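Participant: model this:
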Amino acid sequence: MPKIIGKSLHEHRQMTRQRLFTALSGLMTERGFDTITLADIAAQAGVGRTAVYNHFPDKEALLLGFITHETEEYAHRLERALDGVDDPVQQLRTYIRQQAQLARMFHLAPGPDLRTVLSRPTLQRLREHAEIVESILRRIITAGIASGVFPDQDIDPTVQLVNACLSGRLIPEEPHARERAVNAAEQFVLRAVGSRDVAA
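Facilitator: Sure, this is the predicted structure:
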């Protein structure tokens, strides 16, 4: 019988899943998702190969589980950062800076773009998870329009364009260059949504 980690079966399952997520994340910084096998992930996580199948039926399901976990954690952090911020302009500034802190692993991982190697159902599920974060941005822009700090505009394409701008940016690691890039992104997005408050 496999060794139980943690103090209960539930904790064991949670810890095993976290090990698998950490292993997948680490492997994807080294090589493309298309070259990674479940055996590679199990070895990196320090669990038996059959343990992987107790949690995920295949590699795409594991990736989906990982991205779901990361998206939900990020959404919680974002909501905490926005807590107590009432001004829509400051909310948007906070959103931009939180987005800039994200590690763009899935955009920068070696190998082919994930969109070219995942099945259509998995891509659809990933799109659904992206909407968790998009709904927060949609709420901010809607509040800005309602309060008159942003002009009236078609919200759905605005949300898509803002996120495309932020997710496509390569934020430098060097602190001065990083702050300069984040300030530029902040001012660009504020201008794009029609805010007159774009001072750095």
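Participant: in the chain, what spans have low per-residue confidence?
Facilitator: For the chain, the stretches with pLDDT under 70 are 1-8, 103-112, 168-170, 199-200.
Participant: if we go to 50?
Facilitator: The model of the chain has pLDDT under 50 over residues 1, 104-108.
Participant: domains of it?
Facilitator: Structural domains of the chain, as assigned by the TED database, span the residue ranges 1-57, 59-193.
Participant: ok, now which ones touch the spatially most central residue of the chain?
Facilitator: In the chain, the C-alpha closest to the average C-alpha coordinate belongs to residue 71, at a distance of 4.9 Å (CA atoms, centre = their mean). By CB atoms under 8 Å, 6 or more residues apart in numbering, residue 71 lies in contact with 129-130, 132-133. Backbone N, C-alpha and C define where each C-beta goes, glycine included.
Participant: could you do residue 194 as well?
Facilitator: Listed by CB under 8 Å, 6+ apart, the contact partners of residue 194 are 150-151, 153.
Participant: check these for burial and list the buried ones.
Facilitator: For the contacts of residue 194, a neighbour count by 16 or more other CB atoms under 10 Å gives the buried set as residue 150.
Participant: tabulate the contacts of residue 194 (TSV), appending secondary structure and distance to residue 162.
Facilitator: Formatted as TSV, the contacts of residue 194 follow (DSSP: H, G, I helix; E, B strand; the rest coil; distance: CB to CB, whole Å):
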residue	secondary structure	distance to residue 162
150	coil	11
151	coil	15
153	coil	11
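Participant: out of the contacts of residue 194, which is nearest to residue 32?
Facilitator: Nearest to residue 32 among the contacts of residue 194, counting by CB to CB, is residue 153 at 38.1 Å.
Participant: mind listing what that closest one touches?
Facilitator: 141, 145, 193-194.
Participant: list only buried entries from those residues.
Facilitator: Counted by 16+ other CB under 10 Å, the contacts of residue 153 give 141, 145, 193 as buried.
Participant: looking at those, which are in helices?
Facilitator: Judged by DSSP state H, helices contain the following of the buried ones among the contacts of residue 153: 141, 145.
Participant: does residue 187 touch residue 197 like I think?
Facilitator: No: with contact defined as CB atoms under 8 Å, residue 187 and residue 197 do not form a contacting pair (10.0 Å).
Participant: among the two, which residue is more densely surrounded?
Facilitator: Under the neighbour definition other CB atoms under 10 Å, residue 187 and residue 197 were set side by side, and residue 187 has more, 16 against 12.
Participant: distance check, the more buried one against residue 152.
Facilitator: Residue 187 sits at a distance of 22 Å from residue 152 (criterion: CB to CB, to the nearest Å).
Participant: repeat that for residue 48.
Facilitator: Residue 48 sits 58 Å away from residue 152, taking CB to CB as the criterion.
Participant: okay, those two: which has more neighbours?
Facilitator: Legend: neighbour count by other CB under 10 Å for residue 48 and residue 152, higher for residue 48 (14 against 9).
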